[in-house]
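Asker: I need the structure of the sequence given here:
(one chain, ligands or ions: 1)
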Amino acid sequence: MAPPRLSLRDITKRYPGITANDHISMEVAPGEVLAVLGENGAGKSTLMKIIYGATRPDEGEVSFDGRPLVVDSPAQARALGIAMVHQHFALFDTLTAAENVQLGLTESMSVAEISEKVRELGERYGLEVDPAAVVMELSMGERQRIEIIRALMTKPKLLILDEPTSVLTPQAVRKLFKTLHQLANEGVSILFISHKLDEIRELADRCVVLRAGKIVASVNPKTESEDSLARLMIGKEP
Ligand code: ATP
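Answerer: Numbering: from 1, shown residues only. Just a heads-up that it's a prediction; the model follows:
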């Protein structure tokens, strides 16, 4: 049997006065769409940071495609196939879409080559954006598409998204979900943070619920009501 794409064993991360992640164990399968649900401060961002190399756990092990994963930076994680799309886009407003994609690359590619790639990925995954457009003239949906294209340039096997719909119109959300489903069908594992219960029910194959640093549930959100997900998240009646 193929190993899980990502496996976490007893991940613990402490900050002064708080255990942000408390012995977290979970797995993500190839092509699985996994939502991480939790209230503010539950430990979601800390967990993502550990996975994409922005911080190290105090205890526990991470493995990726069956091999131990020890990464000290997001660049190292990216090189191994783990890409992150942040909630607040890390784009330069006065540069074009293609120039922004170029800045995220370690290999050298001309703007013309990148523009071609941006068009190709755009057509293939419904991520249309004009490579020559200046970022400040683009909608939030288009800006996010640049971020996703930038992430896809390194052919990730795991794509992490932090609250990916928070700045999108309903139409852009529909489009994003189609893209994410297509990537998952091609075997890319998708891990996303959210507290939008309706969207989790629509997008995710599975949902792990974090409360005060601990995983309190791992459920199929499609068979749970929004009320029941809310109860799991806050630990009492909504
Ligand atoms: P949110 O939805 O608000 O982003 P979250 O579920 O992502 O919340 P984390 O950001 O992981 O939660 O934070 C978990 C806990 O760890 C919080 O109490 C937070 O204040 C604390 N924490 C996170 N990062 C640090 C840090 N660098 N230094 C100190 N405490 C931190």
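Asker: contacts, neighbours, all on C-alpha from now
Answerer: OK.
Asker: partners of Glu61 in the sheet?
Answerer: Arg9 (DSSP bridges).
Asker: can you pull the pLDDT of it?
Answerer: Note on Glu61: pLDDT of 96.
Asker: residues contacting it?
Answerer: By C-alpha atoms under 8 Å, 6 or more residues apart in numbering, Glu61 lies in contact with Leu8, Arg9, Asp10, Ile11, Pro68, Leu69.
Asker: and these, which are buried?
Answerer: The neighbour count (16 or more other C-alpha atoms under 10 Å) marks Leu8, Asp10, Ile11, Leu69 as buried among the contacts of Glu61.
Asker: turn those into TSV, columns for pLDDT and distance to Arg56.
Answerer: As requested, the buried ones among the contacts of Glu61 are exported to TSV (pLDDT from 0 to 100; distance: C-alpha to C-alpha, whole Å):
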residue	pLDDT	distance to Arg56
Leu8	98	13
Asp10	98	13
Ile11	98	10
Leu69	92	11
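Asker: quick check: the spatially most central residue of the chain vs Glu224, distance?
Answerer: What sits nearest the mean C-alpha location of the chain, by C-alpha atoms, centre = their mean, is Ile160, with 1.6 Å. Separation of Ile160 from Glu224 (C-alpha to C-alpha, to the nearest Å): 23 Å.
Asker: tell me who's in contact with Leu158.
Answerer: Arg5, Gly81, Ile82, Ala83, Val188, Ser189, Ile190, Leu191.
Asker: and the contacts of Glu61, which is closest to the ligand?
Answerer: Nearest to the ligand out of the contacts of Glu61 is Ile11 (C-alpha to the nearest ligand atom; 12.7 Å).
Asker: nearest residue to that closest one in space, please, no chain neighbours.
Answerer: Gly60 (4.2 Å; C-alpha to C-alpha, 6 or more residues apart in numbering).
Asker: and this protein, which residues reach the ligand?
Answerer: Residues of the chain found near the ligand (C-alpha under 6 Å from any ligand atom) are Tyr15, Ala20, Gly38, Glu39, Asn40, Gly41, Ala42, Gly43, Lys44, Ser45, Thr46.
Asker: 8 Å instead, please
Answerer: Within the chain, the positions near the ligand by C-alpha under 8 Å from any ligand atom are 14-16, 18-21, 38-47, 210, 212-213.
Asker: those residues in strands, which ones?
Answerer: Per DSSP state E, strands hold the following members of the residues of the chain next to the ligand: Arg14, Tyr15, Ile18, Thr19, Ala20, Asn21, Gly38, Leu210.
Asker: number of nearby residues for Ser227?
Answerer: For residue 227 the amino acid is Asp, not Ser. When neighbours are defined as other C-alpha atoms under 10 Å, Asp227 has 12 of them.
Asker: so which elements touch the helix or strand containing it?
Answerer: Using DSSP states H and E, Asp227 sits within helix 226-234. On a contact count with 3 or more C-alpha pairs under 8 Å, 6 or more residues apart in numbering; DSSP states H and E, helix 226-234 meets strand 33-38, helix 197-203, strand 206-211.
Asker: what angle sits between that helix and strand 33-38?
Answerer: Helix 226-234 runs at 60 degrees relative to strand 33-38, counting by axes from the mean of the first three to the mean of the last three C-alpha atoms, to 10 degrees.
Asker: can you list the residues that contact helix 226-234?
Answerer: Residues contacting helix 226-234 (C-alpha under 8 Å, 6+ apart): 37-39, 197-198, 201, 209-211, 216-217, 221, 237-238.
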